[in-house]
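**Q** Provide a 3D model corresponding to the input given below.
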Amino acid sequence: MAAADAQAAQITRTPDVTGAYALPTEDALRGRNPRRGFRWGRLLLIVLALLFLGAFLLLPLVVVFAQALSKGLHAYVAAVSDPMAWAAIKLTLWVAAIAVPMNVVFGVAAAWAITKFEFRGKSTLITLIDLPFAVSPVIAGLTYILIFGAHGWFGPYLQEHDIRVVFAVPGIVLATIFVTFPFVARELIPVMQALGKDDEETALSLGASGWQTFWHVTLPNIRWGLLYGVLLCNARAMGEFGAVSVVSGHIRGLTNTMPLHVEILYNEYNYAAAFAVASLLALLALLTLAGKSILEWRQPELRDGARMLRERNLKGKA
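**A** Residues are numbered from 1 along each chain as shown. So this is what the prediction gives:
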């Protein structure tokens with residue numbers, strides 16, 4: 001009995017540690033909004049992002065147009081309407097008009113083969129499509145020099161038959177095709193993977209031919225992704241500098257594209273004319289961004305397709 005009373009007295013004398021530790025925590029958290037720090041952090045990140053965009057994107061655009069108009073509108077029009085500038089503009093448009101359709105054909109065929117069929121070398125084909133992203137455009141231009149140049153593999157044969165590839169328009173077209181051919185295929189592959197094969201198989205089972213299936217089933221489903229790839233491909237074709245600079249020869253009025261013409265004018269200290277032609281490329285970039293935004297807004301099926309692809313991958317991993 002005495003032992004039980006002593007144990008009860010000891011329990012009674014034990015301090016209440018829960019209240020001692022709970023009260024400071026409540027005092028520390030009292031009157032503090034946990035979302036306030038998050039709100040300030042988000043605001044800081046937004047401000048930093050806007051400052052970065054302004055310094056590295058918007059400010060250069062403003063400088064380009066300001067320098068282009070620094071000597072007045074008359075000088076701007078004179079620089080843009082110069083015969084050499086017009087020759088560079090026309091050559092740029094011609095090269096894009098040749099390279100983009102060829103890349104569309106290749107991109108659609110490659111995306112169709114990769115997403116609809118299983119075959120040996122499929123991973124190799126995907127790697128080759130990504131090759132221009134890994135290889136410097138200057139290296140690509142030097143490769144064409146080694147193949148089609150006067151001392152290249154086919155150089156003697158081309159000289160014997162009076163066929164000019166490098167330092168001529170064909171070399172510019174080949175270099176532009178090389179640096180731009182991943183864009184269409186890379187935009188179509190995830191879209192066609194997300195769409196699957198059900199629609200095509202249904203059309204074939206109903207008696208449609210391969211061409212009818214592509215024209216009436218596949219093409220309407222991929223139209224926005226195809227236009228998106230064409231837009232990016234065209235912008236890169238018109239603005240390509242490295243590979244074209246190597247194979248063009250910088251012949252004024254013959255093999256100079258718009259970026260090369262800008263370089264020549266700038267090296268001649270004709271800054272106003274150089275920025276005037278560069279402003280045309282800047283306008284092209286702005287139009288590309290506008291078209292890109294419109295296509296992203298008009299293609300909800302592309303966003304849904306990407307979401308379906310992610311869900312399918314997650315289910316496959318599970």
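
**Q** Read off the pLDDT value for Ala194.
**A** In this model, Ala194 is scored at 84, pLDDT.

**Q** From Leu227, how far off is it?
**A** The gap separating Ala194 from Leu227 is 17 Å, by Cβ to Cβ, to the nearest Å. From N, CA and C alone the C-beta is placed, and that goes for glycine too.

**Q** Then Ala243?
**A** 25 Å.

**Q** When these two are compared, which one has more neighbours?
**A** Comparing Ala243 with Leu227 by other Cβ atoms under 10 Å, the one with more neighbours is Ala243, at 28 against 18.

**Q** So which bits of the host helix or strand of that one are buried?
**A** Mapping Ala243 onto the secondary structure by DSSP states H and E places it in helix 242-248. If you call a residue buried by 16 or more other Cβ atoms under 10 Å, then helix 242-248 has these buried ones: 243-248.

**Q** how many neighbours does Thr124 have?
**A** Other residues near Thr124 come to 9 when the count uses other Cβ under 10 Å.

**Q** likewise Phe275?
**A** As a burial measure, the neighbour count of Phe275 was computed by other Cβ under 10 Å and equals 24.

**Q** List the contacts of Ala113.
**A** Under the criterion of Cβ atoms under 8 Å, 6 or more residues apart in numbering, the neighbours of Ala113 are 119, 125.

**Q** can you check Arg236 too?
**A** Taking Cβ under 8 Å, 6+ apart as the definition of contact, the neighbours of Arg236 are 179-180, 183.

**Q** Which member of the residues you listed is positioned nearest Arg252?
**A** Ranking these by separation from Arg252, with Cβ to Cβ as the measure, puts Val179 on top at 22.9 Å.

**Q** where's Tyr266 relative to Thr92, distance?
**A** When distances are taken as Cβ to Cβ, Tyr266 and Thr92 turn out to be 17 Å apart.

**Q** Between these two, point out the one with more neighbours.
**A** For the pair Tyr266 and Thr92, the greater number of neighbours falls to Thr92 (26 against 15), based on other Cβ under 10 Å.

**Q** and the more buried one, what element?
**A** Under the criterion DSSP H and E, the helix or strand holding Thr92 is helix 83-116.

**Q** mind listing what's buried in that helix?
**A** Buried positions in helix 83-116, judged by neighbour count with 16+ other Cβ under 10 Å: 85, 87-89, 91-92, 95-96, 98-100, 102-104, 106-108, 110-112, 114-115.

**Q** After it, which helix or strand is next?
**A** According to DSSP H and E, the helix or strand after helix 83-116 is helix 122-129.

**Q** now the buried residues of helix 242-248 in CSV, with distance to Leu281 and pLDDT?
**A** Compiled in CSV, these are given as follows (distance: Cβ to Cβ, whole Å; pLDDT from 0 to 100):
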residue, distance to Leu281, pLDDT
Ala243, 17, 91
Val244, 13, 93
Ser245, 15, 92
Val246, 19, 92
Val247, 20, 93
Ser248, 16, 91
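
**Q** Distance to Gly291 added to these, as CSV?
**A** As requested, these are arranged in CSV below (distance: Cβ to Cβ, whole Å):
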residue, distance to Gly291
Ala243, 24
Val244, 23
Ser245, 27
Val246, 29
Val247, 29
Ser248, 27
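
**Q** Which one of these is nearest to Thr257?
**A** Sorting the buried residues of helix 242-248 by distance to Thr257 puts Val244 at the head of the list, at 5.7 Å, by Cβ to Cβ.

**Q** Wait, that closest one touches Met258, no?
**A** No - counting by Cβ atoms under 8 Å, Val244 does not reach Met258; the two are 10.0 Å apart.

**Q** Need the residue closest to the centroid of this structure.
**A** The central residue of the chain, meaning the one whose C-alpha is nearest the mean C-alpha position (Cα atoms, centre = their mean), is Leu232 at 6.4 Å.

**Q** ok, for that one, nearest residue in space, not its chain neighbours?
**A** Of all residues beyond its chain neighbours, the one nearest Leu232 is Phe183 (4.6 Å), with distances taken as Cβ to Cβ, 6 or more residues apart in numbering.

**Q** Sticking with that neighbour, tell me its helix or strand.
**A** Counting by DSSP H and E, the element that carries Phe183 is helix 182-195.

**Q** What helices and strands are in contact with that helix?
**A** Using 3 or more Cβ pairs under 8 Å, 6 or more residues apart in numbering; DSSP states H and E as the contact criterion, the neighbours of helix 182-195 among helices and strands are helix 83-116, helix 122-129, helix 131-134, helix 219-239, helix 300-317.
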